[in-house]
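Trainee: Dropping the sequence and predicted coords here.
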Amino acid sequence: MRELGLQKKDHVVCYDHAGVTASPKVWWTLKYFGFENVRVLNGGFPKWLKLNLPVAEGQDLTAIDTKGDYQFVANSKMRANFQRIRSMEILITRNLILDRIIDFRPANYEETSEPIKDPAVKRDCIFGAVNIPPEVLFNSDKITLKSPKELYFYFTDSKLDITKNIVAYSRTGFGACVGLLALSHASAENLSLYDGGWLQYVEKPAYKLKGPKPTAEWLAREEKEMPKDD
């Protein structure tokens, strides 16, 4: 980012060619590394073109004369690792915390996710997770996010307390960034990304549990051996 000339005082706007798809990943990454003045262009380049706004042609957009002065410092609170997910799902299942894990995979994620290697495993999400398909966050044009007010009422109508700690994940992790962007627009603040995602979760030994719900014996064992977050 310093090679691209990013300065501390700069305001960064991210956009992509598909609407709001890749740009939230850049938005989240910059926020994670301590850059506050970053936004996402709602609708991205398709919306820009639809509005007949000016575009540049034939320019080298990476030609920056001055190196940036920004020093990145990672905000560890914005990232959840596997250990934190394990701790949260145990506490949520026991109704000991009101924090939430949100599964931002599409509504038909069972058809698009990697097949489970162990056929005895019936689970299709992390314990305690609430599935919010990313498509419900968009307007009918499918490229612009709904308004902050609409998103707020959608989340609250889904019985999601956005004042609590929220960890989001998707199939590969970073796909959940669009959901985190929507939550941020709805004024949620305590947000984290499980960047390992579903694919990491199902490869861990702790996942190998038969049945869709945890048993009392499993909970007792896992709670006793609850890992520390790092």
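Mentor: Arrived safely, thanks for sending. Numbers count the residues shown, from 1 in each chain.
Trainee: And the contacts of stretch 124-137?
Mentor: Outside of stretch 124-137, the residues within contact range by Cβ atoms under 8 Å, 6 or more residues apart in numbering are 85, 88-90, 92-93, 100-107, 109-110, 113, 142, 145-146, 151, 154, 158, 160, 169-170, 175, 178-179, 182, 198, 201, 212-214. No exception for glycine: its C-beta is placed from N, CA and C like everyone else's.
Trainee: Take these and keep only those in helices.
Mentor: 85, 88-90, 92-93, 109-110, 151, 154, 178-179, 182, 198, 201 (DSSP state H).
Trainee: now, the most widely separated pair of those residues?
Mentor: 90 and 151 (29.4 Å; Cβ to Cβ).
Trainee: Need the buried ones from the ones in helices among the contacts of stretch 124-137 selected in PyMOL.
Mentor: Below is the selection syntax for PyMOL that covers the buried ones among the ones in helices among the contacts of stretch 124-137, with 16 or more other Cβ atoms under 10 Å defining burial:
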select buried, resi 85+88+89+90+92+93+109+151+154+178+179+182+198+201
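Trainee: Spatially central residue in the chain, please.
Mentor: Of all residues in the chain, the one closest to the mean position by Cα atoms, centre = their mean is residue 176, 2.9 Å from it.
Trainee: residues near the closest residue to residue 173 other than its chain neighbours, how many?
Mentor: Using Cβ to Cβ, 6 or more residues apart in numbering and skipping residues adjacent in sequence, the residue nearest residue 173 is residue 197, 3.4 Å away. For residue 197, the number of neighbouring residues by other Cβ atoms under 10 Å comes to 22.
Trainee: separation between residue 197 and residue 10?
Mentor: When distances are taken as Cβ to Cβ, to the nearest Å, residue 197 and residue 10 turn out to be 30 Å apart.
Trainee: Next SSE downstream of the worst-scoring helix or strand of the chain on mean pLDDT?
Mentor: Sorting the helices and strands of the chain by mean pLDDT, DSSP states H and E puts helix 109-112 at the bottom, at a mean of 46. Beyond helix 109-112 on the C-terminal side, the first helix or strand identified by DSSP states H and E is strand 129-131.
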